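**Student:** Only the shape, not the letters, is given here:
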């Protein structure tokens, strides 16, 4: 594949999402059959309701898949390369933020996320970005840990500070 | 005690100083949420829900419902000043609101928008006050088959009356029901759809789904479009308010019609967004010729959608209170709140929790008056929020969303799930899959299933139980007709084409 990836067509996206729904439906049907989708002496078994719901979803998703197959690939664009790049510029840092949360705690992760966004997406100077990140974390800490007594994930920094 | 006395008691509760303070906090937060793209009413309420455990249920619902009113008001500000609808239901307001602002009539447009929002809400609240107890009283006679029939009707009307593809609506609904099945089956105690994962035993919490679908999904779609805020600034002069108010009574027929459209669309789960479009369309069709054309800054084009959107938003609480079937995603989140505070939603609420219900209804009256005054005074500050760069807002919203998702169950896994729902919400939104039915199905899934199972149990598996008496039969038949409405109308259209071909 030497051609550079330039966009995702609406057709491909429709096919992908319909396939995802069909796969979920298939899993649900399989698991419902495993635990019993029929009747027992005391009424419908656990799998009864999810089985039929899954079957309806499967049929609807297959129908949707079939009608998406009929679309022409060049007609409409789901997202261009630039658009996907912008989405990734938010989604990837957010995913990293979530991934490191159990290790360094929510507060430090949030400070890093705010600082990253401000320097990378919003052209702020690194000092301002860093200070804003720290301020966010401190405000969040005061509001949640101290006012509302909600305990959020904490890492080594908080332990070192005595929390 | 008669209804009037109960309502007066409700006012006594709502007028307690602490509750008034909560109301004002709620409205301000709500307007901020409404102004910011990426934080909608449903999502904002969902994030704050876990923080309300320290409050009494009445105070909690007053705070959360006021966030909802504030979000309804707030959507109009950015639509008119910046041509950016903060909420989907204020898209129709941009058509005439933004041209008005560009020609220097921003204050007039905002005053008209806020006042008509207030009028729409007020009509809806009066309707709730009188109709909800009747519906609840009627629904006390409901058994499991009737409840299942009501839920069926609600989802069928989504599929049959929705604006998008019926097939996609059906898929979203069914996916919501399946997600609701995940975890421990409360009837038999067996594990379903967990595939051996201990984290899935808890099931998918709808709050996490709402925060992901509406919050993260919204940020992803906003950033993709490459947001740039450019807009008119506005201060509302009191003389403009007086002048606009003097002009508004002329449009009483329009307001009344839009309110009715809104109330109707709100009670049936069509919701505020289609209500605002429909009302705008009707106003356009029925308008007298002459003057500024629609789309170029006509005041009716602001009044009609705002009145209808607010009326629909408020009346969506009627089925939630009286039947336990919410009419909008935000109402669904509030319903989830009721369950978390240990209240059983449904008609018994009016009997067992009279103080709660009437406190909420009374707070709607006061909350909307407080809201109107607050937004009229504070528009410039709210509009200034959009001068904050998007990079900062997006980061803060992401942080708030992950805190919100974490606090639901104190589980990191939920934050991961939220991110997954965010990606799903982005894809679904771009491909015109409706998100509301998925959320409603996730909230109502277990109660729908329970009603279905109990009905099946009583009839030994005979589906005839859903047509066993005139009441349940009527509701079910209405549901079936609505469900197959798209098929009917397509067949009718095809026949018409054939006939036209033959005669022509």
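**Tutor:** Structure received. What you are looking at is a predicted structure, and each value in this text was computed from that prediction instead of being measured. Numbering: from 1, shown residues only, chains lettered A, B, ... in the order given.
**Student:** Averaged pLDDT, the strand or helix carrying residue A:33. What do you get?
**Tutor:** Using DSSP states H and E, residue A:33 sits within helix A:10-35. On average, the pLDDT along helix A:10-35 is 93.
**Student:** Please apply the same query to stretch B:73-88.
**Tutor:** Per-residue scores along stretch B:73-88 average to 79.
**Student:** so how far is it from its chain's centroid?
**Tutor:** A distance of 16 Å separates the centroid of the chain from that of stretch B:73-88, by C-alpha atoms, centre = their mean, to the nearest Å.
**Student:** Then stretch B:177-195?
**Tutor:** 28 Å.
**Student:** So which residues make contact with it?
**Tutor:** A:24-25, A:27-28, A:31-32, A:35, A:45-47, A:49-50, A:53-54, A:57, B:200-204, B:206, B:209, B:438, B:441-446, B:448-450, B:453 (C-beta atoms under 8 Å, 6 or more residues apart in numbering or on different chains). In short, each C-beta sits where N, CA and C put it, glycine included.
**Student:** out of these, which are buried?
**Tutor:** A:24-25, A:28, A:31-32, A:35, A:45-47, A:49-50, A:53-54, A:57, B:200, B:202-204, B:206, B:209, B:438, B:441-446, B:448-450, B:453 (16 or more other C-beta atoms under 10 Å in any protein chain shown).
**Student:** Can you report how many residues lie near residue A:124?
**Tutor:** 19 (other C-beta atoms under 10 Å in any protein chain shown).
**Student:** In this structure it contacts residue A:118, no?
**Tutor:** Yes: between residue A:124 and residue A:118 there is a contact at 4.2 Å, judged by C-beta atoms under 8 Å.
**Student:** Just the element for the residue of the stretch 101-250 of chain B found nearest chain A, please.
**Tutor:** Among the residues of the stretch 101-250 of chain B, residue B:174 lies closest to chain A, at 3.8 Å counting by C-beta to the nearest C-beta. Secondary structure assignment for residue B:174, by DSSP H and E: helix B:166-181.
**Student:** Could you tell me the angle between that helix and helix A:10-35?
**Tutor:** 40 degrees (axes from the mean of the first three to the mean of the last three C-alpha atoms, to 10 degrees).
**Student:** List the strands paired with the helix or strand following helix B:166-181, with their directions.
**Tutor:** Going down the chain from helix B:166-181, the next helix or strand is strand B:183-184, by DSSP H and E. On the basis of DSSP bridges, the sheet neighbours of strand B:183-184 come out as strand B:191-192 (antiparallel).
**Student:** average pLDDT across the partner strand?
**Tutor:** 86.
**Student:** Where does chain A get nearest to chain B, which residue?
**Tutor:** Closest point on chain A to chain B, by C-beta to the nearest C-beta, is residue A:122, at 2.8 Å.
**Student:** In contact with the closest residue to that residue other than its chain neighbours, which residues?
**Tutor:** Using C-beta to C-beta, 6 or more residues apart in numbering or on different chains and skipping residues adjacent in sequence, the residue nearest residue A:122 is residue B:391, 2.8 Å away. The contact partners of residue B:391, taken as C-beta under 8 Å, 6+ apart, are A:117-118, A:120-122, A:124.
**Student:** ok, of those, which come out buried?
**Tutor:** A:117-118, A:121-122, A:124.
**Student:** got JSON lines for those residues, with pLDDT too?
**Tutor:** Formatted as JSON lines, the entries for the buried ones among the contacts of residue B:391 read as follows, by pLDDT from 0 to 100:
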{"residue": "A:117", "pLDDT": "91"}
{"residue": "A:118", "pLDDT": "90"}
{"residue": "A:121", "pLDDT": "82"}
{"residue": "A:122", "pLDDT": "80"}
{"residue": "A:124", "pLDDT": "87"}
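**Student:** what residue ranges in chain A are flagged as low confidence?
**Tutor:** Within chain A, the segments meeting pLDDT under 70 span A:1-4, A:73.
**Student:** Could you pull out the helices in it for me?
**Tutor:** Remark: helices assigned in chain A by DSSP state H are A:10-35, A:48-69, A:81-104, A:106-120, A:126-141, A:156-161.
**Student:** the domain parsing of chain A - what is it?
**Tutor:** A:7-79, A:81-161 (automatic domain parsing).
**Student:** What is the neighbour count of residue B:18?
**Tutor:** Residue B:18: 11 neighbours (other C-beta under 10 Å).
**Student:** these two touch, right, it and residue B:59?
**Tutor:** Yes: between residue B:18 and residue B:59 there is a contact at 6.8 Å, judged by C-beta under 8 Å.
**Student:** quick one, phi/psi of the residue positioned nearest the centre of chain B?
**Tutor:** In chain B, the residue lying closest to the centroid (C-alpha atoms, centre = their mean) is residue B:328, at 3.5 Å. Backbone torsions of residue B:328, given as degrees, to the nearest 10, read phi -150, psi 160.
**Student:** how close does it get to chain A?
**Tutor:** Using C-beta to the nearest C-beta, to the nearest Å, residue B:328 is found at 23 Å from chain A.
**Student:** quick one: that residue and residue B:100, what's the gap?
**Tutor:** 28 Å (C-beta to C-beta, to the nearest Å).
**Student:** And for residue B:380?
**Tutor:** 17 Å.
**Student:** go on, residue A:71?
**Tutor:** Taking C-beta to C-beta, one finds residue A:71 at 40 Å from residue B:100.
**Student:** again with residue B:355
**Tutor:** 44 Å.
**Student:** Looking at these two, which is more packed in?
**Tutor:** Neighbours were counted for residue B:355 and for residue B:100 using other C-beta under 10 Å; residue B:100 has more, 25 against 15.
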